[in-house]
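> build me a structure from this.
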Amino acid sequence: MPANQHKAEIVRTEKLTGDIYRFTMKAPDISACSRPGQFVMVRTTDGLDPLLRRPFSIHQVAEGGLVQILFKVVGKGTQALANLQVGQQIDVLGPLGRGFVHNTSCQYYLAGGGIGIAPLLFLAKQLLKKIEPSAIKVLLGARTKDEIATLADDFESMGLGVQTATEDGSLGKRAW
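Purely as a prediction, here's the structure:
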């Protein structure tokens, strides 16, 4: 699959917690050929600082050519991205990577922690096109309830059973 590079318009921004964001971009060429487990590389500024693109798992794709990424602010590049507003455009390259390989004749355990949860929502949606929700178990972990509650709700809204664990015990089991 060839990677596509173009300017994508930000059509929605969500601040899930103090430092975790979910952006939806209009990127029809990327959306059309994305598979769960792939990623995009995003140029976070037009200048040279930071110089390199940042990789983000494809969190979801939707009709209308929409692509969603989930990210945590951890440095200058992701802070610059978090400061962008609806209507602005960003340079995106993707989809990249091979994606997940899945077989419809088995039970799935989708396990992720923190930002590692990002590609699992897209995978769950694709699996649900072929298998029953009862064949998918979702296991999510994070530091606190604030970092995981919205994401757990996203999986539950698809009819999936979700088990959570947080380091502080604020949601689900306490992780050690």
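
> in this protein, where's the longest strand?
Identified as the longest strand of the chain according to DSSP state E is strand 4-15.

> run the chain-centre distance for that strand.
13 Å (Cα atoms, centre = their mean, to the nearest Å).

> need the residues that contact it.
Residues from elsewhere that reach strand 4-15 (Cβ atoms under 8 Å, 6 or more residues apart in numbering): 21-27, 29-30, 33, 66-67, 82, 84-95. (Glycine included, C-beta is placed from N, CA and C.)

> now the residues you listed: which count as buried?
21-27, 29-30, 66-67, 82, 84, 90, 92-95 (16 or more other Cβ atoms under 10 Å).

> just say helix, strand or coil for the residue nearest to the spatial centre of the chain.
The centroid of the chain falls nearest to residue 59 when counting by Cα atoms, centre = their mean (2.4 Å). Three-state call for residue 59 (DSSP: H, G, I helix; E, B strand; the rest coil): strand.

> am I right that it is in contact with residue 40?
No - with contacts counted by Cβ atoms under 8 Å, residue 59 stays clear of residue 40, the gap being 10.1 Å.

> okay, and the common contacts of these two?
Residues touching both residue 59 and residue 40 (Cβ under 8 Å, 6+ apart): residue 69.

> who does the longest strand of the chain pair up with?
Paired neighbours of strand 4-15 in the sheet (DSSP bridges): strand 20-26 (antiparallel), strand 89-96 (antiparallel).

> any idea how far the shortest one is from the middle of the chain?
Spelled out, that is strand 20-26. For strand 20-26, the distance to the chain centre is 8 Å (Cα atoms, centre = their mean).

> what does it rub up against?
Contact with strand 20-26 is made by 8-16, 59, 62, 64-73, 81-82, 84, 90, 92, 115, 147, as judged by Cβ under 8 Å, 6+ apart.

> now swap in the longest one and tell me
Contact partners of strand 89-96, identified using Cβ under 8 Å, 6+ apart, comprise 1, 3-10, 25, 27, 30, 33-35, 38-44, 53, 55, 58, 67, 81, 84.

> what pLDDT, on average, does that strand get?
Strand 89-96 comes out with an average pLDDT of 96.

> isn't residue 37 up against residue 112?
No - with contact defined as Cβ under 8 Å, residue 37 and residue 112 do not form a contacting pair (11.8 Å).

> can you tell me how far the nearest residue to residue 32 once chain neighbours are set aside is from residue 24?
Of all residues not flanking residue 32 in the chain, residue 65 sits nearest, at 7.1 Å (Cβ to Cβ, 6 or more residues apart in numbering). In this view, residue 65 and residue 24 are 11 Å apart by Cβ to Cβ, to the nearest Å.
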